[in-house]
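S.K.: Any chance you could fold what I've pasted below:
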Amino acid sequence: MVGCDGGSSKVRDALDIPLEGLGTIATSVNVFFRSPGLASMHDKGWARFYRMVDETGCWSELIAIDGKEYWRLTVFHDDDPDIAGDSYLKRMMGKDFEFEIIDTSPWERRDYVARTYGSEIGPGRVLIAGDSAHQCSPTGGLGMNTGVSEAYNLAWKFEAVFKGWGGTNLIPSYEIECRPIARHFVDLSTDTYDALSALPAAGNLSAAVEADQSLMRSLSIPDQIRAYMRYEEFAHLRRRWHIAAPGPGSTQAVGTAWHKGAALLDRRGKIHPRSVWRRVRAVAAGRGRYRCCVAGSCRHRPQGTVKDSRPR
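M.R.: Predicted coordinates for the structure are as follows:
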């Protein structure tokens, strides 16, 4: 069983797995509202995100939901949230304007990773994934990507075990591969949020950007980081996978290889796991090794759980 029951996971609590990290790093507020004329009230043009900067610094961001009239304003932190939400919208525009508030929702921005994903507890037949296993600031968009990649990591391993060609160490490798990546991405999300909320007041922002050319890059996470699970400093992946990823010296986890510009998650056919492991059969009872070649890149796992039974 895999507990994918969110940040207040009952499965994680039943397993008595503690959370590690900074905890709650901010009390944020989402204000969902309707305002058909908002897009014509400013001179900034069309954008996916609008960051609000005033005399206190950067305090919120505005996101267009439907590109027309529905919007979400996210206030980064307020110890005493305005549940009505009106004050935030008036502060955003600097004047009165027409709007209809649909919902105002305070929420906790968190920095957590579970101490274990379950493989170290008992026989390891109950695991956790997604927000049950890690919680991060949504800044950068890494939360869902991390959870989906964990589900993907588990799916082919479950199939391998159920069909008899997965060894006893295959399921435990899920935590070995995924937990350090989650920790890295939670840290990266927190760092990105800190950089965004630390932007100086409007009068000093231009000078700060001119003085530090890397400042704007620190406010978002590049697509190539979000698109595949890569952890350059993690010795286990560097030592055991040795798969070249975009960028010098990079390594990446199983299930995320790139081929001709596409991630494994996006592919079907040659490098999809059903094909990758098509010829892998014999169980090595946790002692063997497996190898397979994908698009000319050979993967060799010393820890191993299955072996390649193809004729030599």
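S.K.: N30 and V75: what is the separation?
M.R.: 8 Å (C-beta to C-beta, to the nearest Å). Yep, even glycine has a C-beta here, placed from its N, CA and C like the rest.
S.K.: Show me which of these two is the more surrounded one.
M.R.: V75 (24 against 16; other C-beta atoms under 10 Å).
S.K.: contacting residues around that one?
M.R.: S28, V29, N30, V31, W59, S60, P81, Y88 (C-beta atoms under 8 Å, 6 or more residues apart in numbering).
S.K.: The first one is in contact with R109, isn't it?
M.R.: Spelled out, that is S28. Yes: in this structure, S28 is within contact of R109 by C-beta atoms under 8 Å, at 5.0 Å.
S.K.: overlap in contacts of these two?
M.R.: Common neighbours of S28 and R109 (C-beta under 8 Å, 6+ apart) are F76, H77.
S.K.: D103 falls within a strand, correct?
M.R.: Yes: counting by DSSP: H, G, I helix; E, B strand; the rest coil, D103 is part of a strand.
S.K.: Could you tell me how many residues sit around the closest residue to it other than its chain neighbours?
M.R.: The shortest distance from D103 to any non-neighbouring residue, by C-beta to C-beta, 6 or more residues apart in numbering, is to F32 (4.6 Å). Residues near F32, counting by other C-beta under 10 Å, number 16.
S.K.: which SSE is F32 in?
M.R.: Applying DSSP states H and E as the criterion places F32 in strand 19-34.
S.K.: Report the strands that pair with that strand, each with its relative direction.
M.R.: Within its sheet, strand 19-34 is paired with strand 70-75 (antiparallel), strand 100-114 (antiparallel), according to DSSP bridges.
S.K.: which intervals of the stretch 101-250 of the chain have sub-threshold pLDDT?
M.R.: Residues of the stretch 101-250 of the chain meeting the criterion pLDDT under 70: 122-123, 213, 215-218, 220-250.
S.K.: quick one, longest helix in the chain?
M.R.: In the chain, assigned by DSSP state H, the helix with the most residues is helix 173-197.
S.K.: Export only the CA atoms of the next helix or strand along the chain from that one, formatted as PDB.
M.R.: As assigned by DSSP H and E, the chain's next helix or strand after helix 173-197 is helix 202-211. This file holds the C-alpha atoms of helix 202-211, laid out as PDB (Å, rounded to 0.1, in the frame of the first residue of the first chain):
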ATOM      1  CA  ALA A 202      10.200  49.400  -5.300                       C
ATOM      2  CA  GLY A 203      12.500  52.400  -5.100                       C
ATOM      3  CA  ASN A 204      15.500  50.200  -4.800                       C
ATOM      4  CA  LEU A 205      14.600  47.300  -7.000                       C
ATOM      5  CA  SER A 206      16.100  48.500 -10.300                       C
ATOM      6  CA  ALA A 207      19.400  49.300  -8.700                       C
ATOM      7  CA  ALA A 208      19.500  45.900  -7.000                       C
ATOM      8  CA  VAL A 209      18.900  44.100 -10.300                       C
ATOM      9  CA  GLU A 210      21.600  46.200 -12.000                       C
ATOM     10  CA  ALA A 211      24.100  45.400  -9.300                       C
END
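S.K.: residues of helix 202-211 that come out buried?
M.R.: L205 (16 or more other C-beta atoms under 10 Å).
S.K.: Could you check the pLDDT of A257?
M.R.: For A257, the pLDDT comes out at 39.
S.K.: related to what we said a few turns ago, for the contacts of V75, pick the one with the most neighbours.
M.R.: V31 leads the contacts of V75 on contacts (other C-beta under 10 Å) with 27 neighbours.
S.K.: Please look at that residue and Y70 and confirm they touch.
M.R.: No: using C-beta under 8 Å, V31 makes no contact with Y70, being 11.7 Å away.
S.K.: hmm, back to that, these two touch, right, the residue nearest to D103 and T74?
M.R.: No: with contact defined as C-beta under 8 Å, F32 does not count as touching T74 (10.0 Å).
S.K.: what separates the residue nearest to D103 from I102, distance-wise?
M.R.: From F32 to I102 the distance is 4 Å (C-beta to C-beta).
S.K.: hmm, back to that, residues touching the residue nearest to D103, list them.
M.R.: I65, Y70, W71, R72, I101, I102, D103, T104, S105.
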